[in-house]
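> can you look at this prediction? I've put the sequence above it.
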Number of protein chains: 2
Amino acid sequence: MTSATTGPSRRERLRAATVAEILTTAHRLLVTDGPTAVTLRAISREMGMTAPALYRYYPSLEDLMEHLRAQLSDECTAYIAAEMDKAGPVDSPGRLYQGARAFRTWSKAHPIEFAEIFAAHEHGAGDGHPEDGPSHEAGMRFAAVFLNEFIALWQRQRFPIAEHVSEELRVQLQPFLDQFGVPLPVGALQVFLSAWIRLYGAVALEIFGHLHFGIADVTPVFEAELADVAARLGVEYQAP
Amino acid sequence: MTSATTGPSRRERLRAATVAEILTTAHRLLVTDGPTAVTLRAISREMGMTAPALYRYYPSLEDLMEHLRAQLSDECTAYIAAEMDKAGPVDSPGRLYQGARAFRTWSKAHPIEFAEIFAAHEHGAGDGHPEDGPSHEAGMRFAAVFLNEFIALWQRQRFPIAEHVSEELRVQLQPFLDQFGVPLPVGALQVFLSAWIRLYGAVALEIFGHLHFGIADVTPVFEAELADVAARLGVEYQAP
DNA sequence: TGTAAAAGTTTACGGTGTTTACGAGTGCTG
DNA sequence: CAGCACTCGTAAACACCGTAAACTTTTACA
């Protein structure tokens, strides 16, 4: 016993290090050789191991990929949060701008990771419980970054919200607000969802190459969308 | 020679039939057993052939999948166009509503096909010319359905467009309008792009399961988004 | 009818995820 | 300190996979 404070045991530390190496190796293979190159044999080969050894850490390749996606999502989240902080303290304007642009910047810099995180992964065409897994939790952490910023904006300046929220919509959104204790009226949540839809739509279309039918530089399109959302929120447009 | 009119030869007909069977078989495997089940061996097995025989029709599995994606995209396009026609002749209102809802309906009914078409397929993490291939052309046909409807709407009633289009944006969009002879001002094209971003964003987020953090039925969210886009276009909202 | 192209098969190579059985090392415990 | 259980890793094997080459059968046409 070398340390008085009983931290993680030696075995646990080694195991954690191996897990981290597995994920970083898988990540490197993903970005250098594409999604199809992420195989158990390739990972183990790079690590100087044999493929079945990886089964001591993940029950299947799909499960490994699920954890990789969660890590990639967290990296994206951390980048956005860091960029937001550069824009100033919590109640400073422009944090949402910085965050939205950071989302696009990260996605353009990591298109393969973006596809891995945000494209379909109801893998295997089966029943598969939709609401679980580490990548889903990572998705919640991602959403929290923008939602918290949205809450701060709402508390600072009440932007105009939909005067009339349909009953069907209220029934869907109110339970969510209650469950997580979000201090937002349903109308504001609707605006948040709309803003997120537009941000995701613009970035995803660009990353997936569905805007390259004649548009060389998508930046002006993105900025126009950003300006339109900003106008809806009643905040003045800030050029990058 | 059995027919006087020299149509496609017997061999060409057989070949076309085989190609069609290959694609329908691949499609069936895709929806029943998932993307990973679409293999040359599985397709040939179902067709009572051997795997290398498929190389007489496609140079690789990836090429076969590319053609499959094009066919799936065309099926989506055809469904949307047909649903639009149900809403009335070219200049009747509600065709855009019907089309947008048809896009969501088809996507929800064919989530795996949707992912195959609209998710990332810059396969293989390489150079790969982005602007070619049958699925890209199919994407153009898809876009044309909505764009033509948009042009008709513009010619029927001039909806309000962005009063000021930034110079950077104009430089990107004007060449596209000129190249394809689209009778639309850049401001209207910007509105079209914004509408498409929102439609795609809403549907993709739903299909990919990124809205199921507490929202059971996404329909009201989608309808709210639709109503907001409609308001921007200056057309009255029509409930489904 | 002969001949050349097309269509399909056989065989083979290297790769994959995954299971099973086995061995070496680690750490706790009586 | 001895024993033992548990962890980590390997080796062999199975059933797949995409793809290439050589070979055979079928088809169409001069």
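Nice, thanks for sending it over. Numbering: from 1, shown residues only, chains lettered A, B, ... in the order given.
> secondary structure element holding A:Asp178?
Using DSSP states H and E, A:Asp178 maps to helix A:167-180.
> how about that helix, does it reach chain B?
Yes. For a cut-off given as Cβ under 8 Å from any Cβ of the partner chain, helix A:167-180 has contacts with chain B, namely A:168-169, A:171-173, A:175-176, A:179-180. For glycine as for every other residue, the C-beta is placed from the backbone atoms N, C-alpha and C.
> so is stretch A:20-36 next to DNA strand D?
No. With Cβ under 7 Å from any atom of the strand as the measure, stretch A:20-36 is seen stopping short of DNA strand D, the closest distance being 9.2 Å.
> that stretch close to DNA strand C?
No. Stretch A:20-36 stays out of contact with DNA strand C when judged by Cβ under 7 Å from any atom of the strand, the minimum separation being 8.4 Å.
> list the buried residues for that stretch?
Taking 16 or more other Cβ atoms under 10 Å in any protein chain shown as the basis for neighbour counts, the residues of stretch A:20-36 that come out buried are A:22-23, A:25-27, A:29-31, A:35.
> contact partners of it?
Outside stretch A:20-36, the residues within contact range by Cβ atoms under 8 Å, 6 or more residues apart in numbering or on different chains are A:37-39, A:42-43, A:46-47, A:54, A:57-58, A:64-65, A:67-68, A:71-72, A:110, A:112-113, A:115-116, B:123-126.
> for stretch A:157-177, same thing?
Contacts of stretch A:157-177 with the rest of the structure, by Cβ under 8 Å, 6+ apart, involve A:153, A:182, A:184-191, A:232-235, B:213-221, B:223-224.
> what is the burial count for A:Pro52?
Taking other Cβ atoms under 10 Å in any protein chain shown as the neighbour definition, A:Pro52 ends up with a count of 10.
> from A:Glu66, how far out is it?
Distance from A:Pro52 to A:Glu66, counting by Cβ to Cβ, to the nearest Å: 19 Å.
> A:Leu68 is in contact with A:Tyr58, correct?
No. Assessed by Cβ atoms under 8 Å, A:Tyr58 is found out of contact with A:Leu68, at 9.7 Å.
> those two: who's more crowded?
With neighbours defined as other Cβ under 10 Å, A:Tyr58 and A:Leu68 compare such that A:Leu68 has more, 24 against 19.
> correct me, but that one touches A:Glu116?
Yes. At 7.5 Å, A:Leu68 and A:Glu116 qualify as touching, with contact defined as Cβ under 8 Å.
> can you give me the helices for chain A?
A:10-33, A:40-47, A:61-86, A:95-109, A:111-118, A:134-156, A:167-180, A:186-207, A:219-233 (DSSP state H).
> please report how far the residue in chain A positioned nearest to DNA strand C lies from A:Pro52.
Closest approach between chain A and DNA strand C, counting by Cβ to the nearest atom of the strand: A:Thr39, at 3.0 Å. Look at A:Thr39 and A:Pro52: by Cβ to Cβ, they are 13 Å apart.
> again with A:Glu163
In terms of Cβ to Cβ, A:Glu163 sits 61 Å off from A:Pro52.
> what's the answer for A:Asp178, then?
Applying Cβ to Cβ, one obtains 48 Å for the distance of A:Asp178 from A:Pro52.
> could you list the buried residues of the helix holding A:Asp178?
In helix A:167-180, residues buried by neighbour count (16+ other Cβ under 10 Å) are A:169-170, A:172-173, A:176-177.
> for DNA strand D, what are the nearby residues on chain A?
With the criterion set to Cβ under 7 Å from any atom of the strand, chain A comes near DNA strand D through A:11, A:14-15, A:18, A:44, A:48-50, A:52-53, A:56-57.
> which of those come close to DNA strand C?
Contacts with DNA strand C within the residues of chain A next to DNA strand D, counted by Cβ under 7 Å from any atom of the strand: A:11, A:52.
> give me the buried entries from the residues of chain A next to DNA strand D.
Buried by 16+ other Cβ under 10 Å: A:18, A:44, A:49, out of the residues of chain A next to DNA strand D.
> residues of chain A that sit close to DNA strand C?
By Cβ under 7 Å from any atom of the strand, the residues of chain A that approach DNA strand C are A:9-11, A:39-42, A:51-52, A:55, A:59-62.
> among those, the buried ones, what's the PyMOL command?
The command below creates a PyMOL selection of those among those that count as buried (16+ other Cβ under 10 Å):
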select buried, chain A and resi 40+42+61
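> which of the residues of chain A next to DNA strand C scores worst on pLDDT?
By predicted confidence, the residues of chain A next to DNA strand C are weakest at A:Arg10, whose pLDDT stands at 74.
> contacts only, for that one.
A:Arg10 touches nothing, counting by Cβ under 8 Å, 6+ apart.
> so what's whatever residue of chain A ends up closest to chain B closest to, chain neighbours aside?
For chain A and chain B, the shortest gap (Cβ to the nearest Cβ) falls at A:Gly201, measuring 2.3 Å. Nearest residue to A:Gly201 in three dimensions, chain neighbours excluded: B:Gly201, at 2.3 Å (Cβ to Cβ, 6 or more residues apart in numbering or on different chains).
> surely the one you found and A:Arg198 touch.
Yes. Here B:Gly201 lies in contact with A:Arg198, judged by Cβ under 8 Å, at a distance of 6.0 Å.
> wait, A:Arg69 sits on A:Ile117?
Yes. In terms of Cβ under 8 Å, A:Arg69 counts as a neighbour of A:Ile117; the distance is 5.6 Å.
> and those two? Which one has more around it.
Just comparing A:Arg69 and A:Ile117: by other Cβ under 10 Å the higher neighbour count belongs to A:Ile117, 25 against 21.
> what ranges of chain A fall below the confidence cut-off?
Within chain A, the ranges that satisfy pLDDT under 70 run A:1-7, A:121-131.
> list the contacts of stretch A:37-51.
Stretch A:37-51 is contacted by residues A:21-22, A:25-26, A:28-30, A:33, A:53-54, A:61, A:64-65, A:68, B:125 when judged by Cβ under 8 Å, 6+ apart.
> contacts only, for A:Leu211.
With contacts defined as Cβ under 8 Å, 6+ apart, the neighbours of A:Leu211 are A:205, A:218, A:221, B:193.
> now, which of the buried ones among the residues of chain A next to DNA strand D sits nearest DNA strand D?
Ranking those by separation from DNA strand D, with Cβ to the nearest atom of the strand as the measure, puts A:Met49 on top at 3.7 Å.
> give me the neighbour count for the residue of chain A closest to chain B.
Around A:Gly201 there are 22 other residues, counting by other Cβ under 10 Å.
> ditto for A:Val90
12.
> got a list of what the residue lying closest to it once chain neighbours are set aside touches?
Leaving out its chain neighbours, the residue that sits closest to A:Val90 by Cβ to Cβ, 6+ apart is A:Ala152, at 5.5 Å. With contacts taken as Cβ under 8 Å, 6+ apart, A:Ala152 has the following neighbours: A:90-91, A:95.
> go with 10 Å
Listed by Cβ atoms under 10 Å, 6 or more residues apart in numbering or on different chains, the contact partners of A:Ala152 are A:89-92, A:95-96.
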